[in-house]
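> need a structure here:
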Amino acid sequence: MKKALVRILATIGASVVLSLLVSLVLSRVMRGRIEPGTVLELDFADRIVEQAPPAIQSFFVVPPLTVRDVVDALARAAEDARVTTLVARVGDAQLGLGTLQEIRDAVLSFRRAGKRAIAVADTFGEFGPGNGPYYLATGFDEIHLQPSGDLGVTGLAAQTPFVRQALDKLHVTPRLAARREYKSAANVFTETGYTPAHREASERVLASQFAQVVRGIAEGRGMADDAVRTLVARGPLSASDALAAGLVDQLAYRDEVWDRLRGEDGDLPPRLGLGRYLARAGRPNDEGAKVALVYGVGSVHRGRSGWGLLSSEPTMGAETVAGAIRAATDDDDVRGILFRIDSPGGSYVASDTIWREVRRARSKGKPVVASMGDVAGSGGYFVAMAADRIVAHPGTVTGSIGVLAGKLVTGDMWRQVGVEWADLATAPNATMWMTTRDYTDEQWARVQEFLDRIYDDFVGKAAEGRGLARDEMERVARGRIWSGEDAKERGLVDALGGLPEALRQVRELAGLGADADVDVVVFPRTKTPLERVVARYLDRDEGEATARAASLPDVLGRIAATPSVRSLLAMLEGQGTLRMAEPAAVW
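Below is the predicted model:
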């Protein structure tokens, strides 16, 4: 029975490997096959992520496009005479403002090359906000809205839950402290509403981001800013009202838009999804001087970067990211490092580990440019601030140079339900981290010392990295968040833009020409599924792989017999196809 099962699983493994080989061959055959007059398609109902998921997930789901995929595909298409038009379904573009600006800029660059860009939407918010999708749509030549749709451009809003009263009812005591007054994450536990500093910082970020959206809509639709603000105050608008106001170009269903693209012979033009186009046309910046691209995405923590099999969000592990920067630094062929960051922060120690490698790269003559996505706050800014230059989108949430720490004390809660915790300790502060008891006065004083030390280190390193006096940095630090636009005015970033602007900065710092060819290589390089399979079952001698003397069925049999594969197959049998969770709308 066991041998039969192994043979079955080996056959499954062989099928997987064979399918990978066939896919590889087909991708080689299809590469370059793009018909003249091609129209590219992009559907924002599909996920677009900052960092590509692990290759193993490709076994179960179609991997989502990355922001870089979209930017690279449009850059390649802009110079490709075979491509004439981009048609995008934009109504479901639930992305952060930084990502929206990155893609919108790429569409504008595509148009400047003489190409046509058409935005199609069934609605911009159905009984809900549509600010982000419509802002993106205004980067296109034309906007087509379904007659039954709406234009939910109603302005930006933020809402914060304050749970202090709920904790009081649960007899849970928040014992938290922060540096300084704008470091507001602890407020949701310690306060019942906005503090003046919390309100001030949040309102300023909202106002800056809204001004950017208004300005973009006004430029895209040929209106004055005040006229756009007046229309937003009237929102949401029906499709007919949006057409009358000049906010959309035509009311049409999706099939009607495509009918208008038919040629004189009545045939539709050749169509190609943006991802397939990129696979066939190839990326720009794939030859020339080598530039390392390192991703730092998700919350910062010690250890390796992670991405759960069922999770849609990566994490920034200090060991992985620092190792990637170190490898790029020690690679003699690498002329510069592009460090792409999208992170709300996390561990101070982990952030400092990555900061050290960025500083080390600079000391060894490797220029580092940090490119920030939707968020680079707290630890997300810490890892960027040692870079030679920092590039942010106007809407990137930036800064939050501060620190918080503490715990929620649950001892009284347990007593309410009849549970009493008894402690044993060998030293006075051994109980310091227990959530069932409060800090002693001496322990709380020690927490304050820790916070002061970390804040002092953060501000000092930020001042050094940005070339500002300590008191200047203190004025813009204090735990406060800024929009990328406001951050640039205050010296926290050097330039506004996305990946293309950051790459331009790398070229400049590396002493390359403005139009010099570069080969952008991701560090650490992600192994393909086939490479992972092969590498798992190879012996390694001093870093060199040497194959075991075993047949393919034997190797695949060992793969199929491993506990991880057996567990995976059992899970598939019991739960059906694995799927990635959809990201929550955040803007």
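
> do you know the pLDDT at Ala14?
pLDDT for Ala14: 51.

> Thr192 reaches Phe162, doesn't it?
Yes - between Thr192 and Phe162 there is a contact under Cβ atoms under 8 Å: 5.3 Å. All C-beta atoms are positioned from the backbone trio N, CA, C, and that covers glycine.

> between the two, who's got more neighbours?
With neighbours defined as other Cβ atoms under 10 Å, Thr192 and Phe162 compare such that Phe162 has more, 16 against 10.

> break this structure into its domains for me.
Per automatic domain parsing, the structural domains of the chain span 1-30+552-587, 31-154+235-281, 289-402+439-523.

> so which of those domains comes closest to Ala227?
For Ala227, the closest of those is domain 31-154+235-281, at 8.8 Å, according to Cβ to Cβ.

> what ranges does the stretch 151-300 of the chain have for its strands?
Residue ranges of the strands in the stretch 151-300 of the chain, as given by DSSP state E, counting those that start in this stretch, are 173-179, 237-238, 250-251, 271-273, 289-297, 300-301.

> closest one to Ala327 among those strands?
strand 289-297 (8.0 Å).

> okay if I get the domains of the chain as a markdown table plus distance to Thr426?
Formatted as a markdown table, the domains of the chain follow (distance: least, Cβ to Cβ, whole Å):
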| stretch | distance to Thr426 |
| --- | --- |
| domain 1-30+552-587 | 38 |
| domain 31-154+235-281 | 43 |
| domain 289-402+439-523 | 15 |
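
> so where's the stretch 301-450 of the chain uncertain?
Low-confidence segments of the stretch 301-450 of the chain (pLDDT under 70): 308-312.

> now the closest residue to Asp72 other than its chain neighbours: how far from Leu65?
Closest residue in space to Asp72, ignoring its immediate chain neighbours: Arg283 at 4.7 Å, by Cβ to Cβ, 6 or more residues apart in numbering. Relative to Leu65, Arg283 is positioned 13 Å away (Cβ to Cβ, to the nearest Å).

> for Val520, same thing?
17 Å.

> can you name the residues that contact the residue nearest to Asp72?
72, 76, 520 (Cβ atoms under 8 Å, 6 or more residues apart in numbering).

> who wins for most neighbours among those?
Asp72 (23 neighbours).

> contact partners of the helix or strand containing it?
With elements taken from DSSP states H and E, the one containing Asp72 is helix 67-78. Residues from elsewhere that reach helix 67-78 (Cβ under 8 Å, 6+ apart): 40, 42, 48-50, 83, 86, 99, 102-103, 106-107, 109-110, 112-113, 115, 274-275, 277-278, 281-285, 293, 340, 373, 498-500.

> how about the helix or strand just after it as PDB, C-alpha atoms only?
As assigned by DSSP H and E, the chain's next helix or strand after helix 67-78 is strand 83-89. Extracted in PDB, the C-alpha atoms of strand 83-89 (Å, rounded to 0.1, in the frame of the first residue of the first chain):
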ATOM      1  CA  VAL A  83       1.100  48.400 -29.100                       C
ATOM      2  CA  THR A  84      -1.400  51.200 -29.800                       C
ATOM      3  CA  THR A  85      -3.800  51.400 -26.800                       C
ATOM      4  CA  LEU A  86      -4.400  50.500 -23.100                       C
ATOM      5  CA  VAL A  87      -7.900  49.600 -22.000                       C
ATOM      6  CA  ALA A  88      -8.200  49.300 -18.200                       C
ATOM      7  CA  ARG A  89     -11.100  48.500 -15.900                       C
END
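
> partner strands of strand 83-89, with direction?
Neighbouring strands of strand 83-89 in its sheet, by DSSP bridges, are strand 38-43 (parallel), strand 116-121 (parallel).

> list the helices and strands the next helix or strand after it packs on?
Following strand 83-89 in sequence order, the next helix or strand is helix 97-112 (DSSP H and E). Packing partners of helix 97-112 (3 or more Cβ pairs under 8 Å, 6 or more residues apart in numbering; DSSP states H and E): helix 67-78, strand 83-89, strand 116-121, helix 131-137, helix 196-221, strand 368-377, helix 499-509.

> and the second one, how far out from the chain's middle?
Same thing as strand 83-89. 24 Å (Cα atoms, centre = their mean, to the nearest Å).

> quick one: that strand to helix 97-112, angle?
Relative orientation of strand 83-89 versus helix 97-112 (axes from the mean of the first three to the mean of the last three Cα atoms, to 10 degrees): 150 degrees.

> what angle separates strand 83-89 from helix 67-78?
Note on geometry: by the same axes, to 10 degrees, strand 83-89 and helix 67-78 are set 140 degrees apart in direction.

> what of the last one?
The directions of helix 499-509 and helix 67-78 differ by 80 degrees, with the same axes, to 10 degrees as the criterion.

> ok, residues contacting helix 499-509?
Taking Cβ under 8 Å, 6+ apart as the rule, helix 499-509 contacts 67-68, 71, 75, 102, 105-106, 109, 285, 291, 335-338, 340, 367, 369-371, 388-389, 391, 494-495, 513-514, 516, 518, 520.

> now the buried members of the residues you listed.
Taking 16 or more other Cβ atoms under 10 Å as the criterion, what is buried in those is 67-68, 71, 75, 102, 105-106, 109, 285, 291, 335-338, 340, 367, 369-371, 388-389, 391, 494-495, 518, 520.

> give me the low-pLDDT residue ranges for this structure?
Residue ranges of the chain with pLDDT under 70: 1-32, 55-61, 308-312, 526-587.

> kindly recompute the last result at 80.
The chain contains residues with pLDDT under 80 at 1-32, 53-62, 264, 307-312, 525-587.

> which SS class is Leu468?
Assigned with DSSP: H, G, I helix; E, B strand; the rest coil, Leu468 falls in the coil class.

> isn't it up against Gly491?
Yes - applying Cβ under 8 Å as the test, Leu468 and Gly491 come out as touching, 5.6 Å apart.

> hmm, Ile341 is touching Gly373, no?
Yes - at 6.8 Å, Ile341 and Gly373 qualify as touching, with contact defined as Cβ under 8 Å.

> where do the contact lists of the two overlap?
With Cβ under 8 Å, 6+ apart, Ile341 and Gly373 have common neighbours Val297.

> let me see the contact set for Ser202.
158, 160, 184, 194, 481.

> one more: Gly317?
Gly317 touches 301-306, 350, counting by Cβ under 8 Å, 6+ apart.
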